[in-house]
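Participant: I'll drop the sequence and a predicted model, then ask my questions.
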Amino acid sequence: MPLVLYNTLTRRKDPFQPLDPSHVGMYVCGPTVYDRAHIGNARPIVIFDVLFRLLQRLYPAVTYVRNITDVDDKINARAQANGEPISALTERTTRLFHEDIGALNALPPTVEPRATAHIGQMIAMIQALIAKGHAYEAEGHVLFSVPSMPEYGRLSNRSRDEMIAGARVEIAPYKRDAADFVLWKPSPGDLPGWDSPWGRGRPGWHIECSAMSREYLGPTFDIHGGGQDLVFPHHENEMAQSCCANGAPFARTWLHNGWLMVEGEKMSKSLGNFFTVRDLLDQAPGEAIRLALMSAHYHQPFDWTAEGLKQARQTLDRLYLALRAVADIAPTEADSVPLEVLAALEDDLNTPLAISHLHEIATKLNKAETIAEKAKWKGALLASGRLLGLLGQEVESWFRWVPAGGAALSDPQVQQMVDDRLAARKAKNFAEADRLRQALSENGVLLEDGPGGTTWRRA
RNA sequence: GGCCGGGUGGCAGAGUGGCUAUGCAGAGGACUGCAAAUCCUUGCACAUCGGUUCGAUUCCGGUCUCGGCCUCCA
């Protein structure tokens, strides 16, 4: 079954045909490192991680490029507010970003280029644009000339006139055309700046992705991804710059994930519904956060809710419980992902459908009677989970997760109480057994008596 | 105003021109010292009005309604 992806450029689902079937290239817009990643940042990270895993399965080689934007006016402002050097802020934030998304089981990209390490490539690209008549210098700025590119607006499906009519910002006087946008801008001495043919300055927002995607993937590559909000202006401008500078088509397939809401409202600090990934990792295991983000189709708007996170955790409880029951059975064909799971993902990354198949596999595993069947369905569940970046941890470690504040009872304390209760049961002292069960339950520990003994888990 | 995407059972959330989504929650049952887990059974849908069709939740059009974007927010 071929992979099909919804391409923003064509506005429909198209069969995915890589330029080079032996080596797929993907570029995804990464974070601007001025603050902790929030849950809205995490969605594209998880979505494109699933795509990366799927592509790796379908093709011999995949280069996944995800940039770090470490030059930006928000960074400058934050560093100044904190009274710290810019490099200290960007390095720390980058490190925290890696920690946070690592907890969400996101694989590192193949290349993670930093904007400040590619200023030379950006300047070269701007020079090429000027030479070809697609850009001009004005008052120390270099601007892209939108009228020089007739196809401008194709990705975001809007005409130049519409853009100007809707503009909410004042148009800088040095622009030849109201739609023109900045490639390079002057930097005063107190802001980060690099020498350039146009004096000391810093790059505009869009040029870094053009320069870095070209550096690592070439002028034309397979997939470019990011949040839906980036379609315009960021991706539209990026495409314009790259096409004009390179004289070649840019990304062939554009993927955009929908916006994230929180409890039905737009996430914002003023509404008090702003969550960083770190905040959530204190409340729930990273794997539950990851599953929650995959529980709606990537193209849909996503409503982040406490209830949804709870359900994601319950879902993983159910799946890990199924695995726990067959802990002593070796899975067969650990790499065989069931066709229906693969088909769901190949159909424009239908993660909710794939997850529903995980449930069905778990049910089959629970119902399996022979060792062979159990081994088969265990293998299917693990392989499916691996493709989705789920179910990879030790079963017992999943059930022992404790929130940030720690647990009232340590693992050894719990085990002691479980043993005591077992002794009470053996002595038919059910009142004492029930008292211990109750005490554990009040501390978030659930007991399960089975033929093989009593197991416990935190919930 | 322009562009775009939605409105599915109590909740979350897929999908389809006629046939069970899936999970949680609810009801009943099996199992259990009690429980949990598991399994079985079961109730509950497709915003609205027209049109196309043998037949539409699924296609087309209108209406209502929610949300996003429109120069630097993923």
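Facilitator: Right, received. Where do you want to start?

Participant: For stretch A:8-25, buried residues please.
Facilitator: Using 16 or more other Cβ atoms under 10 Å as the test for burial, stretch A:8-25 gives A:Thr8, A:Leu9, A:Asp14, A:Phe16, A:Pro18, A:Val24, A:Gly25. Every C-beta, even on glycine, is put in place using the N, C-alpha and C of the backbone.

Participant: Where do the strands of the stretch 101-250 of chain A begin and end?
Facilitator: Remark: strands assigned in the stretch 101-250 of chain A by DSSP state E, counting those that start in this stretch are A:135-138, A:141-144, A:181-186, A:201-203, A:223-227.

Participant: Output those in a markdown table; the columns should cover mean neighbour count and mean pLDDT.
Facilitator: Output for these, formatted as a markdown table (neighbours: other Cβ atoms under 10 Å; pLDDT from 0 to 100):
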| stretch | mean neighbour count | mean pLDDT |
| --- | --- | --- |
| strand A:135-138 | 18 | 93 |
| strand A:141-144 | 24 | 93 |
| strand A:181-186 | 22 | 92 |
| strand A:201-203 | 24 | 94 |
| strand A:223-227 | 25 | 93 |
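
Participant: of these, which approaches A:Ala81 most closely?
Facilitator: The stretch from the strands of the stretch 101-250 of chain A with the least distance to A:Ala81 (Cβ to Cβ) is strand A:201-203; that distance is 18.7 Å.

Participant: Tell me the residues on the stretch 201-350 of chain A that lie near RNA strand B, please.
Facilitator: A:204-205, A:226-234, A:257-261, A:266-267, A:295-297, A:299-303, A:305, A:307-308, A:311, A:314-315, A:318, A:321-322, A:347-348, A:350 (Cβ under 7 Å from any atom of the strand).

Participant: Do a quick rundown of the helices in the stretch 151-300 of chain A.
Facilitator: Counting by DSSP state H, counting those that start in this stretch, the stretch 151-300 of chain A has helices at residues A:160-166, A:207-217, A:236-246, A:277-283, A:286-294.

Participant: Any buried residues in the fourth one, and which?
Facilitator: For helix A:277-283, the buried set under the neighbour-count rule, 16+ other Cβ under 10 Å, comprises A:Val277, A:Leu280, A:Leu281.

Participant: ok now that helix, how far from the chain's centre?
Facilitator: Relative to its chain's centre, helix A:277-283 lies at 16 Å (Cα atoms, centre = their mean, to the nearest Å).

Participant: And for stretch A:269-277?
Facilitator: 18 Å.

Participant: related to what we said a few turns ago, closest one to RNA strand B out of the buried residues of stretch A:8-25, please.
Facilitator: A:Thr8 (8.9 Å; Cβ to the nearest atom of the strand).

Participant: Contact partners for that closest one?
Facilitator: A:Thr8 makes contacts with A:Leu155, A:Val231, A:Trp254, A:Leu255, A:His256, as judged by Cβ atoms under 8 Å, 6 or more residues apart in numbering.

Participant: top of those by neighbour count?
Facilitator: For those, the largest number of neighbours (other Cβ atoms under 10 Å) sits with A:Leu255, at 24 neighbours.

Participant: And A:Val341, how far from A:Thr116?
Facilitator: Counting by Cβ to Cβ, to the nearest Å, the gap from A:Val341 to A:Thr116 is 41 Å.

Participant: Those two: which is more packed in?
Facilitator: Between A:Val341 and A:Thr116, A:Val341 has the larger neighbour count (other Cβ under 10 Å), namely 24 against 18.

Participant: for that one, helix, strand, or coil?
Facilitator: With DSSP: H, G, I helix; E, B strand; the rest coil as the basis, A:Val341 sits in helix.
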